[in-house]
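Enquirer: Can you look at this prediction? I've put the sequence above it.
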Amino acid sequence: MSAPARLALGTCAFGRAIDAHGLPLDQGPPLQGRTVVLELRVPPPGRRAPIAVPFWTGVRALDGLLTIGRGARVGIFGAPGAGKTTLLESVVRGCSADAIVVALVGERGREAQRWIEGLDDRTTVVCATSDRPAHERVIAARVAVVHAAALRDRGLHVLLIFDSLARFAAASREIAVARGESTGRGGYPPSVFARMARLLEVAGALDDGSITLVATIINDGDDRDPVSEAARSLLDGHIALSRRLAEAGRFPAVDVPASSSRTMEAVTDASHARAARRIRRALALLARIDDARALGIEPQDGPARSAVSLQPRLDAFLCQGSTGSESGETISELTQLGALLNDDGDS
């Protein structure tokens, strides 16, 4: 079955789950409303608005230390079992968005059903599970992005969840290889990365409306993986999840020193940014001295001793259950912790 030329998308799809051809997956009636051409329209640079407003997620580790700008494109990198899906669900529950679009590309049927059961009146799920043909998985990704763009065109601030970018690249590779394209590094033809770039470039902020993209990338720790490398170059930030932290029971299992947000400085005030830098340095220091402390060797210098003394409070700040955190409370606690650290960096 070929890709449809137009589909009924936009506000008529709120609270609905559809497949790559716009057919209902939620036992509801067919979508009816204004139809949209299924074409990826990338806004030219001159139409884009600066990223200047924070996109609050309700997750303290992100809002406090890796603040995302509204209209940014962020990747969640982690091995299977590191908690990517659980983190996405927390972001969806606590985010400051007018509309949410969830693209499930190559997802397991059980996980897709969880998303469908959790639908609310501002969310749309577009799904092509792992058993569907490669071209259908690619079409589902396009439908989700076009739907998000249609909502942005109406002046809405949209969160686009893309799970996963690695499975989208795998489906694109299947199609390209079947067409006889030559493969390069990792077995990926060059067209795969061009297709990925075009998909991601649709997101962003305009003068009226925005798409904030949060995409997952399965990564087993090899940063030289071509999909991970391409994603890091195309995204505005990356959130690294640690299986070690996940196995220790921390949620979210965010490895803060290994993560970054390129939009944080543009959307935070001076006191927030200063406290975040102090805490990031303390967390990096604690990671460096962890092996020595395991052998009973305690640090003697001021910054390290300060970080060790505050470690229980830092862990409590980073460890969060299913309940979201208000942004004001998160920033207040962050600045208090930053002020308590004995830091040799900026004051």
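Expert: Here it is on my side, so go on. Numbering: from 1, shown residues only.
Enquirer: lowest-confidence helix or strand of the chain?
Expert: Using mean pLDDT, DSSP states H and E, the weakest-scoring helix or strand in the chain turns out to be helix 290-294, at a mean of 75.
Enquirer: helix/strand/coil for the closest residue to E201 other than its chain neighbours?
Expert: Distances taken as C-beta to C-beta, 6 or more residues apart in numbering place V42 nearest to E201, at 4.6 Å, with adjacent residues excluded. (C-beta placed from N, C-alpha, C; glycine too.) Three-state call for V42 (DSSP: H, G, I helix; E, B strand; the rest coil): coil.
Enquirer: wait, what's in contact with V42?
Expert: R198, E201, V202 (C-beta atoms under 8 Å, 6 or more residues apart in numbering).
Enquirer: Name only those of those residues that count as buried.
Expert: Buried subset of those (neighbour count, 16 or more other C-beta atoms under 10 Å): V202.
Enquirer: any chance of the contacts of V42 in TSV, with distance to R154 too?
Expert: As requested, the contacts of V42 are arranged in TSV below (distance: C-beta to C-beta, whole Å):
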residue	distance to R154
R198	22
E201	20
V202	15
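Enquirer: from the contacts of V42, which is closest to A292?
Expert: Set against A292, the nearest of the contacts of V42 by C-beta to C-beta is E201 (45.4 Å).
Enquirer: so how far does stretch 258-271 reach from one end to the other?
Expert: Using C-alpha to C-alpha, to the nearest Å, the end-to-end distance of stretch 258-271 comes out at 22 Å.
Enquirer: same check, this time on stretch 103-113
Expert: 13 Å.
Enquirer: For it, which outside residues touch it?
Expert: Counting by C-beta under 8 Å, 6+ apart, 25, 85, 115, 125-132, 137-138, 140-141, 144-145, 160-164, 167-168, 170-171 sit against stretch 103-113.
Enquirer: Over to stretch 292-312?
Expert: So stretch 292-312 is contacted by 281-283, 285-286, 289, 314, 337, 340-344 (C-beta under 8 Å, 6+ apart).
Enquirer: Make a PyMOL selection of the buried ones in these.
Expert: In PyMOL, a selection of the buried entries from the contacts of stretch 292-312 looks like this (16+ other C-beta under 10 Å):
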select buried, resi 281+282+283+285+286+289+314+337+341+343
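Enquirer: Could you export the contacts of stretch 292-312 as JSON lines, including secondary structure and pLDDT?
Expert: Converted to JSON lines, the contacts of stretch 292-312 look like this (DSSP: H, G, I helix; E, B strand; the rest coil; pLDDT from 0 to 100):
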{"residue": "R281", "secondary structure": "helix", "pLDDT": "93"}
{"residue": "A282", "secondary structure": "helix", "pLDDT": "94"}
{"residue": "L283", "secondary structure": "helix", "pLDDT": "94"}
{"residue": "L285", "secondary structure": "helix", "pLDDT": "92"}
{"residue": "L286", "secondary structure": "helix", "pLDDT": "90"}
{"residue": "I289", "secondary structure": "coil", "pLDDT": "86"}
{"residue": "L314", "secondary structure": "helix", "pLDDT": "95"}
{"residue": "L337", "secondary structure": "helix", "pLDDT": "95"}
{"residue": "L340", "secondary structure": "helix", "pLDDT": "92"}
{"residue": "L341", "secondary structure": "coil", "pLDDT": "89"}
{"residue": "N342", "secondary structure": "coil", "pLDDT": "74"}
{"residue": "D343", "secondary structure": "coil", "pLDDT": "69"}
{"residue": "D344", "secondary structure": "coil", "pLDDT": "62"}
